[in-house]
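S.K.: Have a look at this prediction, sequence included:
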Amino acid sequence: MSRLHELVTALAAPWVVLSPRSGQLTGSGAEGVYARDRRILSRLAVTVDGREPVPVHVGERDAATHEYVAQVEGLGDIRHDPTVMLYRTRTVESDGMTERITLVNRSRTRIECRLEVALGTDLAGTAAVRSGAATSLPQLAPLPDGPSRTRWESDDTRVVVTADPGFVATPQLEPGAEYTLTLHVTADFPKSTTGFSIEPPTDRPMYDVTVSCDDKRVERWLERSLDDVRALQLAADDDRYLGAGPPWYLTLFGRDSLISAGMLIPVDPGLAAGTLRALAARQGTKVDAGSAEQPGKIPHELRAEVADHGGGLVLPAVYYGTHDATQLWITTLHKAWRWGMPTDEVGDLLPNLKRALTWMKEYADPDGDGFLEYIDESGHGLANQGWKDSVDAVQWPDGTLATAPIALCEVQGYAYAAAIKGAELLEAYGESGDEWREWAAALQERFRAAFWVDGYPAIALDGAKNPVPGRASNMGHLLGTGLLDADEEQTVADVLAGADLNSGFGLRTLSTAMTRFNPLGYHTGSVWPHDTAMTVQGLYAAGQFEVASAYAEGLVRAAEAFEYRLPELYGGRGVSAERTPTPYPLSCRPQAWAAASAVAVLVASLGLEPDVPGGTLTVTPGESTPWRTLELTGLHVGPDLLSVRSANGKTTVTKAH
């Protein structure tokens with residue numbers, strides 16, 4: 001059975017195909033054609049005279065189109081060179097999939113064979129596929145509509161596959177001749193009962209940003225990443241956002257979609273605006289322990305139906321179990337405003353901003369101690385509600401798990417930044433921000449007193465208000481939030497510079513010095529590109545250029561190893577143990593914030609800080625970067641497209657033509 005990281009992904013959200021390099025879908029593991037949280041086809045296999053062709057090559061034209069090349073044995077000339085070949089061109093579109101299957105005879109003799117396409121489906125939900133529950137589901141009986149059309153139907157989904165000219169053929173091919181069979185796959189889905197459905201965008205804009213760098217790996221990394229960003233786009237009420245990652249998370253996620261959109265503002269400001277509006281439209285209005293909804297809270301994820309992930313984790317279709325998405329919504333709105341989001345569009349979101357700020361004070365701190373802490377009150381939700389949301393994400397140095405309610409250090413950093421930036425937005429629109437500046441100052445003072453242990457910030461406070469010490473990546477997210485002063489940022493940078501956290505391929509989620517370090521632990525030693533990229537942004541903002549550059553170079557090194565399509569996460573053994581990082585078996589690839597990380601790192605290294613409302617543009621390039629020359633052309637700053645070039649210690653900014 002192929003693991004997820006071994007599968008080839010063809011994507012045009014919400015449709016995606018995951019297959020082994022042969023192109024054959026056998027129903028094993030995660031293989032299949034997916035759309036809108038449903039496996040549309042689990043089997044799509046081509047045989048010639050009852051035998052599977054032998055895979056030779058798979059080529060990717062772009063994120064949505066792949067070509068699979070195979071040799072047909074037992075036909076054609078008897079010699080070393082293959083003479084009968086099968087070519088499959090698979091194209092995924094926003095509303096279905098097309099596959100063109102071509103049999104080519106390059107032998108010296110006439111051939112005759114039986115070409116057959118076998119199809120099947122279980123219509124399993126993606127959560128069932130991921131948990132393994134789908135293995136017990138029966139294959140649905142097909143409902144044939146003649147030799148060239150078949151369909152499957154369940155209570156809520158209808159799948160139709162057409163074949164031109166048919167699913168079975170007996171071509172007779174002269175030397176040099178070929179025969180083509182074309183499949184079209186479409187599906188009808190049930191109407192959502194939540195008011196949310198996973199829809200494609202009406203348009204996927206082409207990106208006009210380009211990069212020129214003395215390290216050509218950087219150019220390939222950005223190009224591949226932006227191709228994936230286009231393919232990952234979805235829409236809610238015509239507002240574009242990025243689905244987090246196929247196949248498990250190809251929908252709207254508060255944290256993931258916001259972080260990704262925020263990173264991409266310099267190349268696609270409309271994506272951030274759409275993400276902000278899509279989430280604001282679903283902002284919490286009531287208290288509901290079952291869904292973790294609270295007034296003003298930004299949701300964690302939205303789906304068309306309840307998702308049973310196994311192990312007692314059952315999430316409602318609209319789930320609010322995140323303790324950081326609300327703050328990230330505020331800081332993303334502020335960044336979009338500074339980069340030139342239209343004044344009226346920002347103004348339309350001020351009521352949502354006020355409700356989000358109020359949530360931090362009135363609901364995010366249930367015990368009133370001045371820190372934002374979480375606990376799952378439903379009994380079937382996420383035990384941890386920061387970005388590290390696995391059960392063992394917060395632990396003591398001896399490996400004991402911390403008990404809830406838990407106040408994560410980075411959640412406090414996001415809250416401080418949200419309060420300061422929220423105050424600035426309120427003041428820009430003629431309202432007072434004093435309340436939130438005072439609240440932020442008090443949080444900063446409390447944080448300094450409670451979180452600093454062993455010379456650096458603790459991972460969290462546990463339910464008894466004890467600081468949970470440990471060297472982990474969490475502290476990297478404090479940089480650039482304003483919560484730390486310059487000396488404290490220096491201390492954090494010194495910790496991050498250690499070889500126990502820097503794998504050489506990026507930032508480990510947990511130090512090698514920790515008892516439960518596991519290089520393939522989901523949040524206990526693996527490397528997540530977005531985690532590294534956010535830390536790089538903070539390091540550059542704090543003036544910690546050498547450490548930032550070391551991590552930036554590590555991401556480029558990892559990108560090269562993964563053919564410039566960074567996965568969601570990968571192993572954290574590091575360059576001292578392996579030449580390329582070990583893949584994480586269940587990692588999504590492509591994945592939204594991994595793809596967005598390329599833009600985040602490159603823009604951060606140039607030190608570009610626009611203030612379009614204030615009419616200024618500040619450029620503070622890093623004194624140390626991994627590259628001698630770097631030029632980004634086509635960056636969106638307000639109504640202008642800019643070119644920013646850094647070379648030989650000098651930076652120039654010009655309008656792009």
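M.R.: Great, that's in hand.
S.K.: Looking at this protein, which helix is longest?
M.R.: When the chain is parsed with DSSP state H, its longest helix is helix 409-428.
S.K.: show me the contacts for Val159.
M.R.: By CB atoms under 8 Å, 6 or more residues apart in numbering, the residues touching Val159 are 40-41, 121, 123, 151-153, 185-187. Backbone N, C-alpha and C define where each C-beta goes, glycine included.
S.K.: Give me the lowest-pLDDT entry from those residues.
M.R.: Ranked by pLDDT, the contacts of Val159 bottom out at Glu153 (92).
S.K.: Can you read off the backbone torsions of that one?
M.R.: Main-chain torsions, Glu153, degrees, to the nearest 10: phi -140, psi 140.
S.K.: For the closest residue to it other than its chain neighbours, list the residues it contacts.
M.R.: Leaving out its chain neighbours, the residue that sits closest to Glu153 by CB to CB, 6 or more residues apart in numbering is Leu143, at 6.5 Å. Each residue near Leu143 by CB under 8 Å, 6+ apart is listed here: 150-153.
S.K.: chain center to the one helix or strand in the chain whose mean pLDDT sits lowest, what's the gap?
M.R.: In the chain, the helix or strand scored least confidently by mean pLDDT, DSSP states H and E is strand 143-144, which has a mean of 86. Here the centre of strand 143-144 is set off from its chain's centre by 37 Å, with CA atoms, centre = their mean, to the nearest Å.
S.K.: mind listing what the nearest residue to Val394 once chain neighbours are set aside touches?
M.R.: Among residues not flanking Val394 along the chain, Ala402 sits closest, at 4.4 Å (CB to CB, 6+ apart). By CB under 8 Å, 6+ apart, the contact list for Ala402 reads 394-396, 459-460, 462-463, 468.
S.K.: Quick check: the gap between the residue nearest the centre of the chain and Trp337.
M.R.: The residue lying closest to the centre of the chain (CA atoms, centre = their mean) is Ala592, at 2.6 Å. For Ala592, the distance to Trp337 (CB to CB, to the nearest Å) stands at 22 Å.
S.K.: Also Ala133?
M.R.: 44 Å.
S.K.: which of the two has more neighbours?
M.R.: Trp337 (24 against 15; other CB atoms under 10 Å).
S.K.: Pull the contacting residues for that one.
M.R.: 346, 425, 428, 612-613 are the contacts of Trp337 under CB under 8 Å, 6+ apart.
S.K.: isn't there a helix covering it?
M.R.: Yes: per DSSP: H, G, I helix; E, B strand; the rest coil, Trp337 lies within a helix segment.
S.K.: Could you look up the SS state of Gly76?
M.R.: Counting by three-state DSSP, the backbone at Gly76 sits in coil.
S.K.: Pull the number of nearby residues for it.
M.R.: Residues near Gly76, counting by other CB under 10 Å, number 22.
S.K.: contacting residues for it?
M.R.: For Gly76, the contacting residues are 82-84, 105-107, 109, 111, by CB under 8 Å, 6+ apart.
S.K.: Give me the buried entries from these.
M.R.: Buried members of those, scored by 16 or more other CB atoms under 10 Å, are 82-84, 105-107, 111.
S.K.: for those, which one is nearest Glu410?
M.R.: Distance to Glu410 across these (CB to CB) is lowest for Pro82, with 54.7 Å.
S.K.: Strands along the stretch 401-550 of the chain, start to end?
M.R.: For the stretch 401-550 of the chain, the strands defined by DSSP state E, counting those that start in this stretch cover 407-408, 452-453, 456-457, 460-461, 467-468.
S.K.: Show me what the first one is packed against.
M.R.: Judged by 3 or more CB pairs under 8 Å, 6 or more residues apart in numbering; DSSP states H and E, strand 407-408 is in contact with strand 460-461.
S.K.: Quick one: neighbours of Ala244, just the number.
M.R.: Using other CB under 10 Å: Ala244 sits among 26 other residues.
S.K.: I'd assumed Ala595 was in contact with it.
M.R.: No: Ala244 is beyond contact range of Ala595, at 10.7 Å (criterion: CB atoms under 8 Å).
S.K.: shared neighbours of the two, anything?
M.R.: Contacts common to Ala244 and Ala595, judged by CB under 8 Å, 6+ apart, are Ser260.
S.K.: Spatially, what comes nearest to Val267 if we skip its sequence neighbours?
M.R.: Nearest residue to Val267, sequence neighbours excluded (CB to CB, 6+ apart): Val209, at 4.6 Å.
S.K.: Isn't the one you found up against Val229?
M.R.: No: taking CB under 8 Å as the definition, Val209 is not a contact partner of Val229, at 10.7 Å.
S.K.: more neighbours, the two?
M.R.: A count of neighbours by other CB under 10 Å puts Val229 above the other of Val209 and Val229, at 27 against 21.
S.K.: Just give the closest residue to that one, not the sequence neighbours.
M.R.: Ala595 (5.2 Å).
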